[in-house]
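[1] Take this sequence and fold it.
(2 chains)
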Amino acid sequence: MDFLSIFNGYAIGLLGAGLAAALACSGSGLGTGYAGQAGAGLVSEDPSKFGKAMILQVIPGTQGLYGFVIWFLAFGKLVPDMTVLQGWQIFGACLPIGIGGLVTGAAQGKVAAASINILAKKPDDWSKGMILCITVEFYAILSLLASFMMLNAITI
Amino acid sequence: MAILKMKRLRLMVVRSRKEELLRELQRLGCVELSEIGQELQDSEAQGLVTRESSSLMALKARQNTLDHAVALLDKYAPAKGKLLSAKPEYGGDELLSDAGVDEALKLAEAIGSADERVRRIAAEESRLHSLIESLTPWKELDLPLDTEGTERAAVLTGSISGRISLDEVTRALGEAAEEAELFSISQDKSAHYVLLVCMRESLTAVQECLRTFGFTATAFSGMTGTPKEGIAASEKTLQELAEEKAAWSADIAGRGGNRDELKLASDRVGVQIAAAEAEDRLFGTESTLVLEGWMPAEREAELEQVLERLECAWETSDPEKDEYDQVPVQLKNNALTNSLNMVTNMYSLPAYGSVDPNPLMAPFFILFYGLMMADMGYGALMVIAAIVAMKKIKPKAGTLAFCQLRLYAGISTFIMGALTGGLFGDAPYRIVHMFNPKSTWEGLPYLFNPIYNSETVLYGAMVLGVIHLNVGMIVSAVEKVRGGNPLDAVFEEGPLWVILVGGILYALPAMGIAHFSTMPGLVILIIGAVALLFGAGRHSKGFGKVTAAIGCIYNTLTGWFGDILSYSRIMALMLAGGVVGQVFNTIAAMPAGSMGVNLFTIIIFIVIFLVGHAMNFALNLLGCFVHDLRLQCLEFFGKFYQDGGRPFQPLKIKTKYVSAKEN
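    The predicted model follows:
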């Protein structure tokens, strides 16, 4: 415990809040990146599909938004003289959306990139690709909820 | 409100009435032609009847020409239409006639050939552009390009890599042939363009020497005059071509006013194609034709009139049970349940003879959607969007169902928003506190709220799930009884209800909600479990009874657990939408909080508010739909639904550009 207590609670809280945003945004960055590459390939062949390709590309963008929401809520709870214990509590509450957002963002991006194939080959069925993407989204939402409810339970 | 009863139709008609019959059937739009049954092909009649053949290919080619012309018009003269506008409407007779199709085809061909000219000109233009590009380095050469030298002197043109110094080349050349002279015409980053003059007899030596420097000869085959003249001539031709191209483009664009004629003609040909496809399914002898198909029983009277008039010999019959898999499925629904057709179609149609899920699903789908979205602002937006779309586009079939679904879901969202106190997240609260930070107002009142009573909402969602699943089970049990297997219902659904009642009676006192003994509940629970095990094993023998029972416990436990927990997504989506909206409101109000309310901070508030809610709205619109769909298709349908129906595709007037008036 001595080792941990040399940290300041505020710093640990900041670290947690920062990770919530940074990891989830990285996940969204990866996801929109994969989908964007596939989309650019399709648009180079058929520019009229830009709108739909863009919709598929932004679907993995929500994890970053969720991460940002948790960052915002956690940041609002941080006070400079908080205890080390409180700092770790915030840190723990931030983890679900950080890790969940990172992994689901990247995974959803891969589904979105594959769905751009549907858009290219069977344009009438592209909305089914969208549905496949939203399945992954649910786990990002659950991560968001886990973080949110834990944050709500912490009193400072 | 059900799956329409179908009848098998068989008819014979004299050949001279073929066209008329197909046309009348198409106008009625209630008969699906099927391939003639096996019996006809196997019987003695086989040698006498032959398959009809139509001019399908030719018709499809005509439609292609027309569609291509429409696409070309859209490219050269984009229609300046309003964003939301209804397709023009035509009556059945207008669409069945082929008036104007020939003229439209001529027009379409003219447009097609004009486009062909434009493309040929474009190809010629790019050829000339590359010619000019290749001549540009030689612009300063004052020699006709077809110069081949004189009797004694040879003339060569070519390029040498730009990295090699020309002095070096000249020096080496002097050693190879004294009289040879190298003139530099021009140079760019990559190459020196040079003219070489030498005696004919030393040409080989000179070429040998130049090869070591990577000299590449440039040939201007077939060109005369100096490069300058060549470039000027090409530029002049280019100008003429551009004018010609503009003229042809303007010619196509000038026909933009004929777009509607072309579209109508394309749809008329489309109607003919549908008839031709039907014709291909007919069999006939020299003087008669046989037709077989399916029709909804409720339209028999209507059809009878037409068939009598055409002097057909015909009969209808109800399908046998073992034919059910061939019978096409058509759902008939009222305005409320029609909206769910879209969901059913996306999944898979119910099998003929089973239950139409739409009326059962409609109340739950709309309720769940409202709960997930739960925001008065978003609900109002959905209602407005749906009404505007229905007024402006006048949609039919699938699009209409989609708009209706949005409308009902919007109303439900609005009501749930009122119950949870959500209006664009917590916008009223934020705005009041932005203008008056000392206000003690706590926001809109609410009955339940996912943020403040998350546990209640979570349990409520699961209770809704139990109700939803039980409705599915009741349907399944009723179907089993109706199908003559009441025992199946007693042993499969029955024990689960006993367990449910026992579970509730046990859980209430155990959780301290009610004050009576847990004993009766426990006893009922055990009775139910035993009945379930007995039911599972009743079709197996010996050791099979044990494995069936174990399998049953496993499936029932995990299945029900998973199904009910799955309904927690209602609460999850409700909460996520609310939280994201609130955070955007908070961020939007921050500048006003720190800098005071002024014009600048109000503008910032509005911008962040609009962007944030637009994102949240779009995301929820899609997310709630997909998760609601999942609850219906996976959890609910899993309890009773028999899918695999084949959609009813009658011969009818089907259009792409215009809309057919319903009679």
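[2] which parts of the stretch 351-500 of chain B sit against chain A?
    By CB under 8 Å from any CB of the partner chain, the residues of the stretch 351-500 of chain B that approach chain A are B:451, B:454. The C-beta positions use only the backbone N, C-alpha and C, and glycine is treated the same way.
[3] OK, now which residue of the stretch 201-350 of chain B is nearest to chain A?
    residue B:346 (8.1 Å; CB to the nearest CB).
[4] cool, and chain B?
    residue B:626 (4.1 Å).
[5] Need the distance between the two termini of stretch B:303-316.
    By CA to CA, to the nearest Å, the extent of stretch B:303-316 from end to end equals 11 Å.
[6] how about that stretch: buried residues?
    B:303, B:307, B:310, B:312, B:316 (16 or more other CB atoms under 10 Å in any protein chain shown).
[7] Need those in a markdown table (columns: secondary structure and pLDDT).
    Listed next are the buried residues of stretch B:303-316 as a markdown table, based on DSSP: H, G, I helix; E, B strand; the rest coil; pLDDT from 0 to 100:
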| residue | secondary structure | pLDDT |
| --- | --- | --- |
| B:303 | helix | 85 |
| B:307 | helix | 84 |
| B:310 | coil | 82 |
| B:312 | coil | 82 |
| B:316 | strand | 86 |
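[8] picking up where we left off before, around the residue of chain B closest to chain A, how many other residues sit close by?
    Residue B:626 has 19 neighbours, counted by other CB atoms under 10 Å in any protein chain shown.
[9] How about residue B:169?
    21.
[10] What parts of chain B come near chain A?
    B:451, B:454, B:569, B:572-573, B:575-576, B:579-580, B:583, B:586-587, B:615, B:619, B:622-623, B:626-627, B:629-630.
[11] Residue in chain A with the shortest distance to chain B?
    The nearest approach of chain A to chain B comes at residue A:134, 4.1 Å away (CB to the nearest CB).
[12] contacting residues for that residue?
    By CB atoms under 8 Å, 6 or more residues apart in numbering or on different chains, the contact list for residue A:134 reads A:59, B:622, B:623, B:626, B:627.
[13] Recalculate using a threshold of 10 Å.
    Residue A:134 makes contact with A:59, A:62, A:108, A:111, A:141, B:619, B:622-627, B:629-630, according to CB atoms under 10 Å, 6 or more residues apart in numbering or on different chains.
[14] Please tell me how far the spatially most central residue of chain A sits from residue B:252.
    What sits nearest the mean C-alpha location of chain A, by CA atoms, centre = their mean, is residue A:63, with 2.3 Å. Distance, residue A:63 to residue B:252, using CB to CB, to the nearest Å: 48 Å.
[15] Next: residue B:577.
    49 Å.
[16] what about the two, which has more around it?
    Higher neighbour count among residue B:577 and residue B:252: residue B:577, with 25 against 21, using other CB under 10 Å.
[17] After whichever helix or strand residue B:601 is part of, which helix or strand is next?
    Assigned by DSSP states H and E, residue B:601 falls within helix B:599-630. Downstream of helix B:599-630, the next assigned helix or strand under DSSP H and E is helix B:637-640.
[18] anything in the one helix or strand residue A:22 maps to near chain B?
    Assigned by DSSP H and E, residue A:22 belongs to helix A:9-45. No - applying CB under 10 Å from any CB of the partner chain, one finds helix A:9-45 out of contact with chain B, separated by at least 12.3 Å.
[19] helices or strands next to that helix in the packing?
    helix A:50-58, helix A:62-77, helix A:84-121, helix A:126-153 (3 or more CB pairs under 10 Å, 6 or more residues apart in numbering or on different chains; DSSP states H and E).
[20] again, 6 Å this time
    helix A:50-58, helix A:62-77, helix A:84-121 (3 or more CB pairs under 6 Å, 6 or more residues apart in numbering or on different chains; DSSP states H and E).
[21] Show me the shaky parts of chain A.
    By pLDDT under 70, the weakly predicted segments of chain A are A:1-7.
[22] near chain B, which residues of it show up?
    By the rule CB under 6 Å from any CB of the partner chain, the part of chain A lying against chain B is A:62, A:69, A:72, A:131, A:134, A:141, A:144, A:145, A:148.
[23] Might you report the residue contacts of the last one?
    If I follow you right, that is residue A:148. The neighbours of residue A:148, taking CB atoms under 6 Å, 6 or more residues apart in numbering or on different chains as the test, are residue B:579.
[24] Let's see that with 8 Å instead.
    The contact partners of residue A:148, by CB under 8 Å, 6+ apart, come to A:69, A:70, A:73, B:575, B:579.
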